[in-house]
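Trainee: Pasted the sequence and its predicted model underneath.
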Amino acid sequence: MTEERPTAAQRAQELLARLADSPLGAGLRDENQRRRAVFDLLATSDTPVVRELGHELGAGNIGVRASSDVPAYREVLDSGLRRLAALDLDAVTTRIEQAMAAVPPSVQPSEPPPQPPVDDDEEFQRPIMRDYRN
């Protein structure tokens with residue numbers, strides 16, 4: 001009898017379980033650290049609107065939920081969701097497995113200092129879009 005190859009979803013679940021037990025997984029379980037990583041990633045984007053969104057979220061000037069109320073941000077978020085839906089889970093899982101296999105187990109990520117939690121429900125107090133006119 002031949003052994004069945006795990007489905008992409010099963011491989012992803014196994015990968016997440018292995019990741020959860022790693023030093024990186026410990027950091028991902030920390031909501032503040034996870035949010036900070038996402039906001040920092042957005043803030044370094046090549047796309048100006050994404051970069052601005054990352055800065056605004058990171059500074060606490062806007063909450064994640066409220067960001068969809070800004071048309072330019074909503075357009076960027078919708079585009080990202082469409083790209084996420086089109087991802088090939090099997091290919092992504094393979095790339096992550098390869099990357100994890102290449103990292104020696106002794107490598108420990110440095111942990112940034114804890115950040116205060118972001119209140120998604122708090123209304124922002126100033127306009128979000130910057131005035132780009134001179």
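Mentor: Right, received. Where do you want to start? Numbers count the residues shown, from 1 in each chain.

Trainee: and whichever strand or helix holds residue 78, what other elements does it pack with?
Mentor: Secondary structure from DSSP states H and E places residue 78 in helix 71-85. Identification of packing neighbours for helix 71-85 by 3 or more Cβ pairs under 8 Å, 6 or more residues apart in numbering; DSSP states H and E yields helix 48-59, helix 64-67. Heads up, the C-betas are built off the backbone N, CA and C, glycines and all.

Trainee: what mean pLDDT does the shortest one have?
Mentor: Same thing as helix 64-67. The average pLDDT within helix 64-67 is 91.

Trainee: Give me the buried positions along it.
Mentor: 66, 67 (16 or more other Cβ atoms under 10 Å).

Trainee: Restrict it to CA atoms and write it as PDB.
Mentor: What follows is helix 64-67, C-alpha atoms only, in PDB (Å, rounded to 0.1, in the frame of the first residue of the first chain):
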ATOM      1  CA  VAL A  64      -6.800  48.200  12.600                       C
ATOM      2  CA  ARG A  65     -10.600  48.200  12.300                       C
ATOM      3  CA  ALA A  66     -10.800  51.900  11.700                       C
ATOM      4  CA  SER A  67      -8.200  51.700   8.900                       C
END
